[in-house]
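Q: Predicted model and sequence below, questions to follow.
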Amino acid sequence: MRNAPERDRVMTPPALAAAIIAHFADRISGQMLDPARGAGAFYDQLPEHLDRSWCELEDGRDFLDWETAVDWIITNPPWSKIRAFTQHAMTLADHIVWLVPIVNITTKARLRDLRDHGFGIAELVLIDTPRDWPQSGFQLVAAYLKRGHAGDWRISRLDALAQD
């Protein structure tokens with residue numbers, strides 16, 4: 001069964017986006033891309049000293065058509081398109097952070113895609129699912145995918161207070 005389009009457009013609370021950005025802030029540099037800007041929860045809070053770009057299908061900028069290399073990609077992607085988004089993102093950036101259910105990034109096919117593109121999961125940041133989001137029962141994570149990472153996965157937790 002396919003994910004209904006209205007269920008695949010769930011806006012990230014700005015406080016949650018800010019907490020995720022803060023978690024990775026000491027590592028983020030260079031050119032940034034938010035490939036699914038939506039209402040701007042991530043894009044609007046990216047440090048202004050960075051070279052920032054965005055895509056949003058509803059505004060006529062399809063990420064899957066984006067061709068310019070960037071250093072970092074960070075967003076809450078459409079979960080029904082996570083494989084296509086990840087495959088494309090790996091051709092553009094060395095660092096990717098997706099806000100997704102853990103099962104969307106750790107299937108055998110997704111792990112094989114990562115390996116085949118020279119990526120690994122560097123960190124899974126456990127996050128409480130926002131109260132007003134669809135509740136699936138699956139753990140929500142900020143998955144940090146990094147080119148060249150072949151080691152263990154770091155597991156951390158985003159402070160619940162940072163998510164409010």
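A: Looks like it came in fine.
Q: The residue positioned nearest the centre of the chain bridge partners, please.
A: With distances taken as CA atoms, centre = their mean, Trp98 lies nearest the centre of the chain, 1.6 Å away. Counting by DSSP bridges, Trp98 is bridged to Thr75, Ala143.
Q: Tell me the spacing between it and Val10.
A: 13 Å (CB to CB, to the nearest Å). The way it works is simple: take the backbone N, C-alpha and C, and place the C-beta from them, glycine included.
Q: any residues in contact with both of those two?
A: Any residue near both Trp98 and Val10 by CB atoms under 8 Å, 6 or more residues apart in numbering counts here, and that gives Asn76.
Q: roughly how far apart are Met90 and Arg154?
A: Taken as CB to CB, the span from Met90 to Arg154 is 20 Å.
Q: now Ala93
A: 19 Å.
Q: out of these two, which sits in the busier spot?
A: Ala93 (24 against 12; other CB atoms under 10 Å).
Q: what about this structure, any weak spots by pLDDT?
A: Residue ranges of the chain with pLDDT under 70: 1-9, 160-164.
Q: And the longest helix along the chain, what's buried?
A: Counting residues, the longest helix in the chain under DSSP state H turns out to be helix 14-24. The neighbour-count check on helix 14-24 (16 or more other CB atoms under 10 Å) flags Leu16, Ala17, Ala18, Ala19, Ile20, Ile21, His23, Phe24 as buried.
Q: Which stretches in the chain count as strands?
A: Taking DSSP state E, the strands of the chain run over residues 31-34, 51-54, 72-75, 95-101, 119-127, 140-147, 154-157.
Q: how about those in CSV, adding distance to Phe63?
A: Shown next, in CSV, are the strands of the chain (distance: least, CB to CB, whole Å):
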stretch, distance to Phe63
strand 31-34, 8
strand 51-54, 9
strand 72-75, 9
strand 95-101, 12
strand 119-127, 17
strand 140-147, 15
strand 154-157, 27
